[in-house]
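> here is the input, now give the coordinates:
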Amino acid sequence: MKNFYSKRSACRLCDESNLELVLHLKPTPIADHYVTIDQQRITQETYPLDLYLCESCGHVQLLDVIDPEILFREYSYVTSVSPGLVRHFQEHANQLIERLSLSPRDLVVEIG
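Numbers count the residues shown, from 1 in each chain. Predicted coordinates for the structure are as follows:
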């Protein structure tokens with residue numbers, strides 16, 4: 001079976017290799033890859049989900065990188081399907097616009 005993930009050896013932010021395992025989690029199937037009741041009997045492929053701390057910059061991260069073809073093959077998350085979530089994000093954006101006195105010409109970049 002092909003290995004569909006690789007493990008980073010350096011921090012995603014600062015590229016240092018001073019990384020410490022801070023939380024070991026049980027390997028887990030890909031999120032949102034739903035199975036039918038009949039398929040629940042079939043063993044699903046699992047992937048590492050361990051969290052590491054970069055002791056150089058403080059960033060907490062996953063070091064295991066899943067092949068995007070596997071990770072997003074059945075990706076079903078679309079914000080617009082949840083009216084409550086759309087409303088939440090709009091209210092949050094309005095709060096930030098007010099608190100930071102943003103104008104229509106300002107650029108805001110969301111990461112994550």
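
> run through who's touching the helix or strand bottoming out on mean pLDDT in the chain.
For the chain, using mean pLDDT, DSSP states H and E, the weakest element among its helices and strands is helix 68-71, scoring a mean of 82. Residues from elsewhere that reach helix 68-71 (CB atoms under 8 Å, 6 or more residues apart in numbering): 4-5, 30. All C-beta atoms are positioned from the backbone trio N, CA, C, and that covers glycine.

> cool, stretch 18-26 as well?
Contacts for stretch 18-26 (CB under 8 Å, 6+ apart): 9-11, 46, 49-56, 60, 63.

> and if we set it to 6 Å?
49-56 (CB atoms under 6 Å, 6 or more residues apart in numbering).

> got a quick PyMOL command for the buried subset of those residues?
Applying 16 or more other CB atoms under 10 Å to the contacts of stretch 18-26, the buried members can be selected in PyMOL as follows:
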select buried, resi 50+52+53+54
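
> point out the least confident one among the contacts of stretch 18-26.
The lowest pLDDT within these belongs to L49, with 92.

> roughly how far apart are the nearest residue to that residue once chain neighbours are set aside and P48?
In space, and not counting its chain neighbours, L49 is closest to L25: 4.2 Å by CB to CB, 6 or more residues apart in numbering. For L25, the distance to P48 equals 8 Å [CB to CB, to the nearest Å].

> quick one: which of these two has more around it?
Between L25 and P48, counted using other CB atoms under 10 Å, the more crowded position is P48 (15 against 10).
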